[in-house]
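J.: With the sequence up front, the predicted model follows.
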Amino acid sequence: MSTVKGLYYTKSHEWARVEDGKAYIGITDHAQTALGDIVYVELPEVDAEISQGDDLAVVESVKTASDIYSPVSGTVVEAGSALEDNPAAINADPYGSHIAVIALSDESELGELMDEEAYTKLLEEISE
């Protein structure tokens, strides 16, 4: 499973890339592999207020549907509209396909998330 340095990770396999007070949110390579071929993404509403841990989106694959949880709190400023026409982009490039962009309301929450090293350790524990 691949990971990317500089991202924040959750135990439920979401990632966040923070730039200029905004978090770009997606699912990890581990998550997309477990889901299989992704066929639909239910995106969040723009301007929705989200709290850390809230349901953000739903990703459906040929196997199952999975809730995606927000790693951070804030306001949805963009939904990953490119995924409406091409949900399988998550399978092809999980770290380049964001589901939402959230304007952060509490950057201190980032300290509760894992860095790449901690997330890699979690993946190793899962695979044992």
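T.: Now that the structure is in, tell me what you want to look at. Given the structure is predicted, the values throughout are model-derived calculations rather than measurements.
J.: so what's the residue nearest the centre of the chain closest to, chain neighbours aside?
T.: Among the residues of the chain, Gly26 comes closest to the average C-alpha position under Cα atoms, centre = their mean, at 2.5 Å. Once its chain neighbours are removed from consideration, Gly26 has its nearest residue in His98; the separation is 4.8 Å (Cβ to Cβ, 6 or more residues apart in numbering). The way it works is simple: take the backbone N, C-alpha and C, and place the C-beta from them, glycine included.
J.: The one you found is in contact with Ile27, isn't it?
T.: No: under the criterion of Cβ atoms under 8 Å, His98 is not in contact with Ile27, lying 9.7 Å apart.
J.: out of these two, which sits in the busier spot?
T.: More crowded of His98 and Ile27, by other Cβ atoms under 10 Å: Ile27, with 26 against 22.
J.: List phi and psi for the more buried one.
T.: Main-chain dihedrals, Ile27, degrees, to the nearest 10: phi -110, psi 150.
J.: residues in contact with stretch 53-61?
T.: Contacts made with stretch 53-61 from outside it, assessed by Cβ atoms under 8 Å, 6 or more residues apart in numbering, are listed as 14, 25, 27, 35-44, 50, 65-70, 76, 87, 90, 99-100.
J.: part of a helix, is the residue nearest to the centre of the chain?
T.: No: secondary structure assignment (DSSP: H, G, I helix; E, B strand; the rest coil) places Gly26 in strand, not in a helix.
J.: Report the beta-bridge partners for it.
T.: Trp15 (DSSP bridges).
J.: Please tell me the pLDDT value assigned to it.
T.: The pLDDT attached to Gly26 in the predicted structure is 98.
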